[in-house]
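Novice: I would like to see how this sequence folds:
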Amino acid sequence: MAKLEATEYKTFEKIKQTDKNGLEFWFARDLSIVLQYIQWRNFQKVIDRAMFACKKRRNPFIWQ
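Specialist: Below you'll find the model as predicted:
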């Protein structure tokens, strides 16, 4: 694993959440900061496109 990749991995691991069943997830607001989105509304567009892609491919997702 390259140095940059290891750092990125640790960053995502630091903000990772785990539910009572062991399912891993990340809060969108935490991700927006890690991915350096300054304004939430700009990241919201990314979330909307990802949700659309999941629906189109019938991949389950949970929006909370």
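Novice: can we go C-alpha only for contacts and neighbour counts from here?
Specialist: Will do.
Novice: report all helices and strands that the helix ranked longest in the chain contacts.
Specialist: Assignment by DSSP state H gives helix 40-56 as the longest helix of the chain. When contacts are defined as 3 or more Cα pairs under 8 Å, 6 or more residues apart in numbering; DSSP states H and E, helix 40-56 packs onto helix 28-34.
Novice: so for the longest helix of the chain, what's the average pLDDT?
Specialist: Averaged across helix 40-56, the pLDDT comes to 90.
Novice: please apply the same query to stretch 14-22.
Specialist: 94.
Novice: list the buried residues of it.
Specialist: Within stretch 14-22, no residue qualifies as buried by neighbour count (16 or more other Cα atoms under 10 Å).
Novice: pull the residues that contact that stretch.
Specialist: 24-27, 30-31 (Cα atoms under 8 Å, 6 or more residues apart in numbering).
Novice: next: stretch 27-43.
Specialist: Contacts for stretch 27-43 (Cα under 8 Å, 6+ apart): 11-12, 15-17, 47.
Novice: distance between the ends of that stretch?
Specialist: 12 Å (Cα to Cα, to the nearest Å).
Novice: coming back round to it: select only the buried ones of the contacts of stretch 14-22 in ChimeraX?
Specialist: Applying 16+ other Cα under 10 Å to these leaves a buried subset, and the ChimeraX line that selects it is:
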select :31
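Novice: in JSON lines: the contacts of stretch 27-43, plus distance to residue 56 and secondary structure.
Specialist: Putting these into JSON lines (distance: Cα to Cα, whole Å; DSSP: H, G, I helix; E, B strand; the rest coil) gives the following:
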{"residue": "11", "distance to residue 56": "30", "secondary structure": "helix"}
{"residue": "12", "distance to residue 56": "27", "secondary structure": "helix"}
{"residue": "15", "distance to residue 56": "28", "secondary structure": "helix"}
{"residue": "16", "distance to residue 56": "26", "secondary structure": "coil"}
{"residue": "17", "distance to residue 56": "26", "secondary structure": "strand"}
{"residue": "47", "distance to residue 56": "14", "secondary structure": "helix"}
